[in-house]
Structure formats: structure tokens, C-alpha cells
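In: missing the sequence, but the structure's below:
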């Protein structure tokens with residue numbers, strides 16, 4: 001049941017006057033944005049992964065606030081809001097802009113420079129924040145109970161627990177400590193397997209190449225508990241369709257040679273005569289080490305991208321009435337002038353719609369005039385600017401809804417970027433712009449939307465945190481603009497620094513760009529460039545995308561929300577399965593104990609607090625390990641304590657996986673027991 005606005009009470013009351021948007025909070029947040037932005041650039045280039053920054057920053061802010069800064073809960077919220085912008089923009093930049101290096105005949109290489117990266121990062125980040133201003137009321141406030149925004153809720157719980165202290169803080173920080181120790185055992189010592197998997201052989205006559213796997217991390221278990229069994233169930237259902245229906249079917253009817261050729265076409269394999277690539281192609285035996293992964297990257301991701309695009313479009317249509325009513329309210333405050341603005345509660349004060357309208361217009365003009373943006377004439381650049389704003393409005397809404405369900409860490413921004421690239425290229429073809437010359441222009445639109453969608457996802461979590469703790473929205477929005485600009489400066493520098501080959505790289509034949517080499521493969525950037533080349537040269541497999549579109553339509557006809565299902569189909573089952581287990585535990589706790597009547601009591605229940613700690617601990621450990629892995633000395637030390645080889649030799653691979661599964665089951669049982677217990681009065 002949707003919670004009425006009147007029944008919700010923020011942690012800091014509306015009429016309270018508490019220090020919030022202060023110089024120390026903004027500067028501290030900007031410093032965190034720089035640190036986490038640089039760390040994300042490295043991790044995303046190396047492995048195509050990102051880590052959520054908001055919760056680790058909130059934990060650090062509470063610690064620093066108590067000891068040195070003497071900050072209030074609202075100042076701590078501004079710190080994490082400003083700092084989180086760096087991580088999301090870094091992800092958007094790294095997932096798309098390296099694609100300039102892989103366009104036809106090097107046509108985009110000269111655009112891969114510091115000023116272009118800086119310009120696109122700032123424009124994309126500002127666009128994502130701007131578009132979320134009118135959406136805050138409709139998505140964050142009006143759908144408070146239907147869109148949980150797990151990381152935003154968890155971050156708010158961390159801030160509230162830190163403020164309340166006592167048993168509340170103990171439960172959250174016990175969860176954080178538990179998760180951190182678990183993560184050390186899993187990701188450093190490797191006593192716990194990271195992704196246990198059961199795979200049937202390709203030669204199995206009944207069920208070939210079916211794969212059940214789980215990335216058994218504390219953060220996924222915690223996210224599942226926070227979002228609950230209903231959303232988690234729909235998510236995992238998409239994964240079941242992909243990995244236990246479509247992949248076994250396709251592996252039965254499609255030859256290995258055809259799969260390998262498709263991987264070459266998408267840029268996941270150098271050529272069919274070269275071993276390696278996704279799934280581990282063997283050109284001599286004409287087979288794959290992991291058939292299910294090969295089919296997933298060759299076909300399922302395109303099907304999933306089509307489903308995400310269609311599910312997002314259907315969801316947007318359904319959301320239009322809510323968005324329109326929010327726009328009307330915002331426009332009413334503009335017409336009413338200062339008197340109307342003054343009568344709005346502190347916790348409901350957004351930046352004006354004038355800022356959104358003039359800001360969007362300003363971005364279009366900047367795109368049209370700046371020399372860093374590809375395009376032969378101002379008219380061409382003007383079309384790019386208009387497409388960016390239109391696609392931005394659409395995919396910012398979709399991104400916010402998706403992260404509202406499953407969290408920013410699982411936001412399939414690559415799927416949205418693929419849909420944007422397809423739409424842009426089709427529009428280009430419709431106006432007669434086909435061929436290699438227009439590839440950089442298409443990639444700019446895709447890159448800006450990827451950055452905007454990533455930033456909108458993180459912004460949504462921040463605004464959810466602010467809504468729960470009682471922050472002033474306009475101060476958060478201003479803090480986000482600061483975070484976007486400061487972190488973009490450092491993200492561009494980091495990308496440039498990592499792209500320069502070291503002496504060791506030069507000795508091994510990497511002479512021009514380290515990005516795109518074996519050291520920093522940039523898998524998403526390669527995919528985006530491949531898609532732009534394929535569409536503009538009329539050489540893309542639309543049939544797989546359309547299968548995804550009609551899967552989404554079938555689900556809607558059956559009364560199932562297609563977007564959650566589509567995201568589940570796009571993501572690996574190893575991501576959605578542990579989230580589903582967390583959701584099952586929440587369902588079992590709710591059934592055994594009965595749901596809390598008071599929403600705040602439910603949010604600050606021990607289960608939720610412990611789950612929040614699991615998410616925070618996993619995220620903090622991920623950041624620490626990523627930073628250590630970036631330096632030769634610590635990286636060598638991490639390898640020295642890796643026990644995976646010894647345990648696998650002693651127990652066998654199956655035994656090693658069972659050991660990891662038992663460790664995850666123990667953590668799940670602890671979460672269940674904590675969920676049933678109550679806070680001490």
C-alpha cells in the first residue's frame with residue numbers, strides 16, 4: 001500500500017533549524033568525490049566494475065564528524081551527496097568515452113583528450129542532476145513505499161543510527177564489521193569462493209550449458225533484504241529466463257563457430273583464429289570453456305538491452321500522469337513567485353523549474369558551440385544537443401526507477417546507453433547521416449546519456465536519503481552540482497594518466513594508448529563503439545533487440561512489471577540470485593514477526609540496520625581492495641595471501657564452492673536471527 005505523504009515524518013522535523021549546506025560539508029564532500037571518482041576510473045577501466053560511494057562516505061563522515069568536524073546529520077548528508085557524484089560520473093565516462101579509440105579508421109581518436117572528457121563529464125553530470133529536480137516529488141516522495149531506493153534507504157539508516165547512537169548504531173556497525181571481515185576472507189584471503197557456480201556440460205543431451213551461479217557477497221544479501229521478496233522475485237525471474245531457458249536453447253541450436261563470429265562482431269573476441277575472449281574460445285577444438293557465458297555475451301545482452309529499453313518506455317508512459325502533476329506543482333510555485341516559494345515546507349523546497357528550463361537550454365547551446373563536441377556544422381551539433389536533452393529526460397526517469405528497485409550498483413546503464421545509441425543512429429540514418437564520419441557524434445550522445453543516467457541513479461539515492469533524514473532538497477541539488485564539476489576535473493586527469501603507457505607497457509608493445517590494451521581493456525567502451533559502427537554501416541542484428549522488446553510487452557500483458565524483469569534478464573543470474581535470497585529472508589522475517597506498523601520502526605528495525613551494515617561493509621571493503629590493487633606492492637601482498645589455489649586443490653572445485661556457499665548461508669542465517677530480534681529500549 002502506498003504511504004500517504006502526511007503519514008511520513010522525516011528524522012529531522014521540517015521546522016527544525018539545523019546546520020546543513022556549510023563550507024566544511026561541501027569541501028569535505030568534494031574531497032571524497034575526487035578520491036572515489038579516481039578509484040572508480042581505475043576499477044571500471046580494469047574490470048568494468050564500479051562500487052557505490054554514498055554509504056562508505058556516510059560512514060566516514062559520521063566518524064570524522066564525531067572526532068574532528070563536529071558536523072550535524074544534515075551536514076553529513078551533504079558530505080555524502082557531494083562526494084557520491086564522483087563515483088557515478090566516473091562510471092559513465094569510463095563505460096563509453098574510451099569507445100572513441102575503437103571507431104572506424106581512428107575517426108574518433110583525436111576526441112579522446114582531456115578537454116573533451118572534462119566537457120562531456122560536466123555536461124552529462126549536470127544534465128542528470130537537472131532532470132532529477134522535477135522528478136524528485138513524483139518518484140522519491142509520492143512513491144516512497146513502492147520505490148525503496150535500497151542504497152539511499154541504507155545510507156539514511158546509517159546516518160540516523162550514527163545520530164541516535166546506542167543499540168541502533170551498534171547493530172548497523174556490527175553488520176558493517178561482519179561484512180568487512182567476510183569481504184576480507186572472500187576477496188583477499190579467498191577462503192570463501194566469490195561466485196560458486198553449477199554448470200551443465202554442452203554435451204548434456206537434456207539441459208546443455210545451463211548455469212546457476214551466485215556472487216555471494218554481503219552487499220547483495222543486504223540489498224535483497226532491503227528491497228524485499230516481491231521485487232527480488234521478479235528480478236531473479238528475468239535471470240531464470242535468460243540463464244535456464246534462453247541460453248540452453250540457443251546453445252542447442254547455434255553452432256560454436258556462429259557464436260564465436262557473433263562475439264567477434266561485438267568486439268568481445270579478436271577473431272575466430274585467436275583463443276580467449278568471453279567464454280574462452282578454443283579455435284582448435286572449435287568450442288568454449290564456458291558456453292553459457294559465450295551465449296550470454298553474444299546474444300542475451302542484446303535481448304536484455306531491448307527488454308530494458310521497452311520496459312523503460314512502458315514505465316515512462318505509466319509514470320507520465322505523476323510527472324505531469326509534479327511539473328504543474330513546480331510551475332505553480334514559479335507563477336506564485338516568492339510568496340508561494342516561502343510557503344513551501346523546508347523539506348519540499350527544490351530548485352526552481354526555471355533552473356531546469358534555462359539549464360537545459362544552456363546545455364544545448366554549449367553542445368552546439370563548443371569545439372570539443374564532434375560535428376561539422378552548428379546545425380549538426382544543435383541536433384546532438386536536442387537529442388541529448390530528449391533522451392536524457394527519458395533515461396534519467398528510467399534510471400531513477402530502476403535504482404529505486406535494485407540500487408545504483410546494479411543499474412544497467414550500459415543497456416540504456418545501447419538503446420540511446422540505437423535510437424540516435426536510427427535518427428541519423430533517417431536524416432541521411434550514415435557512415436564513418438558520424439560515428440563520433442553518435443558516441444557523444446550515448447556517452448552523455450550514460451553519464452547522465454549514472455549520475456541520476458546516484459542522485460536519486462541521495463535525494464531518498466535526504467527525504468528520510470529531513471534534508472532541504474535544493475541544498476542537496478546545489479551540492480550535487482558542486483560535486484559534478486569538482487570530480488569531473490579529476491576524472492579527466494585520471495583517465496589521461498592511465499591512458500599513457502608505462503615503460504613496462506611500451507616494452508610489451510603497448511605504445512599509444514594503455515586504455516583498450518590488456519592492461520585496461522575497457523570492455524563497455526569497445527561494445528559501444530562496435531554498436532555505433534554496426535548501425536551506421538547497416539550491419540546490426542536487430543532481431544535480438546526486438547525479441548527483448550516483445551518479451552517486455554508479453555510481461556505487461558500478463559500484468560507483470562516488465563522493467564524489473566528486463567533488468568533481471570540483462571544482468572547475470574549471479575547478481576540477482578543472492579539479492580533474491582536476501583529478499584526471501586526479509587519475507588520470512590516479516591511473516592514470522594509481522595510487519596512493523598510504524599514505518600520508521602520498520603526502517604530502524606534490527607534486520608534493516610544489520611542489512612544496511614552488510615551493504616556498507618561490502619562497499620567499503622570493495623573500495624579499499626580496489627585502491628590496494630592499484631599499487632604494485634600491496635597487489636603482490638594480496639596475491640601472496642590468496643588461499644584459493646590451495647583450497648581448490650585440497651577440496652576440489654566443487655568442495656571449494658560448497659565451503660563458500662556454507663559461509664554465505666551462515667551470513668544469511670545471522671541476518672534472519674538479527675531480523676527477528678528487537679532493538680533494546
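Out: Happy to help now that I have it. What you are looking at is a predicted structure, and each value in this text was computed from that prediction instead of being measured.
In: grab the nearest non-local neighbour of residue 13.
Out: Leaving aside its sequence neighbours, residue 13 sits nearest to residue 470 (Cβ to Cβ, 6 or more residues apart in numbering; 6.5 Å). Where C-beta positions appear, they are placed from N, C-alpha and C, glycine not excepted.
In: check contacts around the one you found.
Out: If you count contacts by Cβ atoms under 8 Å, 6 or more residues apart in numbering, residue 470 has them with 10-14, 16, 74, 347.
In: can you put those residues in CSV and add pLDDT and distance to residue 569?
Out: Formatted as CSV, the contacts of residue 470 follow (pLDDT from 0 to 100; distance: Cβ to Cβ, whole Å):
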residue, pLDDT, distance to residue 569
10, 91, 36
11, 91, 37
12, 92, 40
13, 92, 43
14, 89, 42
16, 88, 45
74, 94, 40
347, 90, 38
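In: among these, name the buried ones.
Out: Buried members of those, counted by 16 or more other Cβ atoms under 10 Å: 10-12, 74, 347.
In: so which of the residues you listed sit within helices?
Out: Counted as lying in helices by DSSP state H, out of the buried ones among the contacts of residue 470, are residue 74.
In: re the thing from before, closest one of the contacts of residue 470 to residue 142?
Out: Nearest to residue 142 among the contacts of residue 470: residue 347, at 14.2 Å, using Cβ to Cβ.
In: which residues does that closest one contact?
Out: Contacts for residue 347 (Cβ under 8 Å, 6+ apart) come out as 10, 14, 467, 470-473.
In: out of these, flag the one nearest to residue 484.
Out: Nearest to residue 484, judged by Cβ to Cβ, of the contacts of residue 347 is residue 473 at 16.4 Å.
In: the closest one contacts residue 466, doesn't it?
Out: Yes: between residue 473 and residue 466 there is a contact under Cβ atoms under 8 Å: 6.3 Å.
In: neighbour count: those two, which is higher?
Out: Between residue 473 and residue 466, residue 466 has the larger neighbour count (other Cβ atoms under 10 Å), namely 31 against 23.
In: do a quick rundown of the strands in the stretch 51-200 of the chain.
Out: For the stretch 51-200 of the chain, the strands defined by DSSP state E, counting those that start in this stretch occupy 197-199.
In: quick check: which ranges of it have low pLDDT?
Out: The stretch 51-200 of the chain contains residues with pLDDT under 70 at 51-52, 165-169.
In: picking up where we left off before, mind checking which of the contacts of residue 347 are in helices?
Out: Reading helices off the contacts of residue 347 with DSSP H, I get 467, 473.
In: among the buried ones among the contacts of residue 470, which one lies nearest to residue 395?
Out: Residue 395 lies nearest to residue 347 out of these, by Cβ to Cβ, at 27.7 Å.
In: what sits against residue 566?
Out: Contacts of residue 566 (Cβ under 8 Å, 6+ apart): 238, 304, 307-308, 310-312, 548, 551-552, 555.
In: which residues touch stretch 231-240?
Out: By Cβ under 8 Å, 6+ apart, the residues outside stretch 231-240 that reach it are 148, 224, 304, 307, 405-406, 560-561, 564-573, 575-577, 579-580, 582-584.
In: related to what we said a few turns ago, closest to residue 80 out of the contacts of residue 470?
Out: residue 74 (11.1 Å).
In: roughly how far does that closest one sit from residue 12?
Out: The gap separating residue 74 from residue 12 is 6 Å, by Cβ to Cβ, to the nearest Å.
In: which neighbours do those two share?
Out: Going by Cβ under 8 Å, 6+ apart, residues that sit against residue 74 and also against residue 12 are 18, 469-471.
In: now render the residues you listed as a markdown table, adding distance to residue 244 and pLDDT.
Out: What follows is the shared contacts of residue 74 and residue 12, written out as a markdown table (distance: Cβ to Cβ, whole Å; pLDDT from 0 to 100):
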| residue | distance to residue 244 | pLDDT |
| --- | --- | --- |
| 18 | 51 | 91 |
| 469 | 41 | 94 |
| 470 | 45 | 94 |
| 471 | 43 | 95 |
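In: right, and residue 19 touches residue 72 too?
Out: Yes: at 5.0 Å, residue 19 counts as touching residue 72 under the criterion of Cβ under 8 Å.
In: those two: who's more crowded?
Out: Set side by side, residue 19 and residue 72 show more neighbours around residue 72, with 18 against 14, by other Cβ under 10 Å.
In: angles on the backbone of that one, please.
Out: Backbone torsions of residue 72, given as degrees, to the nearest 10, read phi -90, psi 170.
In: which residues touch it?
Out: Residue 72 is in contact with 18-20, 65, counting by Cβ under 8 Å, 6+ apart.
In: make it 7 Å
Out: If you count contacts by Cβ atoms under 7 Å, 6 or more residues apart in numbering, residue 72 has them with 18-19.
In: for residue 12, see how far away it is.
Out: 8 Å.
In: and residue 498, what helix or strand is that in?
Out: Element membership of residue 498 [criterion: DSSP states H and E] is helix 473-499.
In: wait, residue 647
Out: Applying DSSP H and E, one finds residue 647 within helix 644-676.
In: show me what counts as buried in that helix.
Out: Result for helix 644-676 [16+ other Cβ under 10 Å]: buried residues 647-648, 656-657, 659-660, 663-664, 667-668, 671-672, 674-675.
In: which one of those residues is nearest to residue 298?
Out: In terms of Cβ to Cβ, no member of those lies closer to residue 298 than residue 657, at 25.8 Å.
In: thought that closest one was touching residue 196?
Out: Yes: contact criterion Cβ atoms under 7 Å: residue 657 and residue 196 qualify, at 3.7 Å.
In: sorry, back to before: let's have the contacts of residue 347 in CSV, adding distance to residue 126.
Out: Compiled in CSV, the contacts of residue 347 are given as follows (distance: Cβ to Cβ, whole Å):
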residue, distance to residue 126
10, 27
14, 29
467, 22
470, 26
471, 20
472, 20
473, 17
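In: closest one to residue 358 out of the contacts of residue 347, please.
Out: Residue 358 has its nearest neighbour among the contacts of residue 347 in residue 473, at 18.5 Å by Cβ to Cβ.
In: which residues touch that closest one?
Out: By Cβ under 7 Å, 6+ apart, residue 473 lies in contact with 136, 349-350, 463, 466.
In: ok, now residue 386?
Out: Residue 386 makes contact with residue 364, according to Cβ under 7 Å, 6+ apart.
In: how much space separates it from residue 515?
Out: The value you get for residue 386 to residue 515, if Cβ to Cβ is used, is 30 Å.
In: near residue 460, how many residues? Count them for me, please.
Out: 29.
In: now the helices for the stretch 401-550 of the chain?
Out: With helices called from DSSP state H, counting those that start in this stretch, the stretch 401-550 of the chain shows them at 413-430, 439-469, 473-499, 503-507, 523-536, 542-557.
In: residues touching the nearest residue to residue 502 once chain neighbours are set aside, list them.
Out: With sequence-adjacent residues excluded and distances taken as Cβ to Cβ, 6+ apart, residue 502 is closest to residue 514, at 7.4 Å. By Cβ under 7 Å, 6+ apart, the contact set of residue 514 is 498-501, 505, 520.
In: now swap in residue 248 and tell me
Out: 207-210.
In: so which strand or helix has it?
Out: For residue 248, the element it lies in under DSSP H and E is helix 247-253.
In: angle of the following helix or strand past that helix against helix 523-536?
Out: Reading on from helix 247-253 to the C-terminus, the next helix or strand found by DSSP H and E is helix 256-266. Orientation check (axes from the mean of the first three to the mean of the last three Cα atoms, to 10 degrees): helix 256-266 against helix 523-536 gives 90 degrees.
In: next SSE after the lowest-mean-pLDDT helix or strand in the chain?
Out: Least confident helix or strand, the chain: helix 599-603 with a mean of 48, by mean pLDDT, DSSP states H and E. Using DSSP H and E, the helix or strand that follows helix 599-603 towards the C-terminus is helix 606-629.
In: show me what that following helix is packed against.
Out: Packing contacts for helix 606-629, counted by 3 or more Cβ pairs under 7 Å, 6 or more residues apart in numbering; DSSP states H and E, involve helix 23-47, helix 54-64, helix 150-164, helix 166-187, helix 218-227, helix 632-640, helix 644-676.
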